[in-house]
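Colleague: I would like the atomic coordinates for the input below:
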Amino acid sequence: MVGTELPQYQCHKKVRAAKITGFRQNGNIDMPDLLLGEIGAIVTLLPDWHEKHKPQIGGYYVVYEDGYKSYSPAEAFESGYTAIEARNKVAERQLEAAITAARANVAPRITPADIEANIAYEEYFTAAQGVAAENAAFGNLGDPGPKCLELLTFCVLVLRNGTKLVGVNYGAIDPAQHSAERGRYDARADAVRQVWPLMGYELRSKLAGA
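Modeller: Numbering: from 1, shown residues only. Model (predicted):
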């Protein structure tokens, strides 16, 4: 060819595809089933498709948006296509990195990590356990209280300066759906919510003094 080089083009088609990991005989030697092991699928195609494309293990079975079924050798496919899910994950990581960098340049603020670092001690108990402890302390072996007290969960947080905060979870409406683990989780979340304004006030006072 004489003269200027041809312009370059980049493929932007979306296709569905999976790597061929094996073949399975189905009684017709000219049209073995394609095994797409990565997605656990089996594809049966007519002999003329096999004759035209001559698929090999490691290559890709490709279906275009218009329904056309094709085949691509691994090198050609992998150099021309990137999985949309993988590309989205890369974009997500780039976005997260950008957000982290942006946050590093904002004014001082309280973060969840700051909250956790300020918690020196935490304890959990239910109302039923509290009643039992009180009865034991006073030698009272009477009524332990209603069964529902077992659903009322408390979380006590002690901050590094000695400040004490109490979070509460009242339990599920249906006792059968109650989870002790969820009760402790929600009670702690309630206590942590009370830490935010205290640490925010402390930070604002420091900034005002500076």
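Colleague: Any buried residues in stretch 18-25, and which?
Modeller: 18-20 (16 or more other Cβ atoms under 10 Å). Placement of C-beta: from N, CA and C, glycine included.
Colleague: if I've got this straight, Asn161 is in a helix?
Modeller: No. Counting by DSSP: H, G, I helix; E, B strand; the rest coil, Asn161 is not part of a helix but coil.
Colleague: what are the ranges of the helices in the protein?
Modeller: Assigned by DSSP state H, the helices in the chain fall at 47-53, 74-80, 84-104, 112-118, 127-137, 180-209.
Colleague: residue ranges with poor pLDDT in the protein?
Modeller: Applying pLDDT under 70 to the chain flags the ranges 1-4, 6, 8-12, 85-88, 90, 103-106, 141-143, 210.
Colleague: and this protein, what are its domains?
Modeller: What automatic domain parsing lists as the domains of the chain is 9-106, 112-209.
Colleague: Deepest in the core, which of these is it.
Modeller: domain 112-209 (a mean of 14; mean count of other Cβ atoms under 10 Å).
Colleague: where's it relative to the chain centroid, distance-wise?
Modeller: Domain 112-209 sits 27 Å away from the centroid of its parent chain (Cα atoms, centre = their mean, to the nearest Å).
Colleague: Please apply the same query to stretch 192-210.
Modeller: Distance, centroid of stretch 192-210 to centroid of chain: 31 Å (Cα atoms, centre = their mean).
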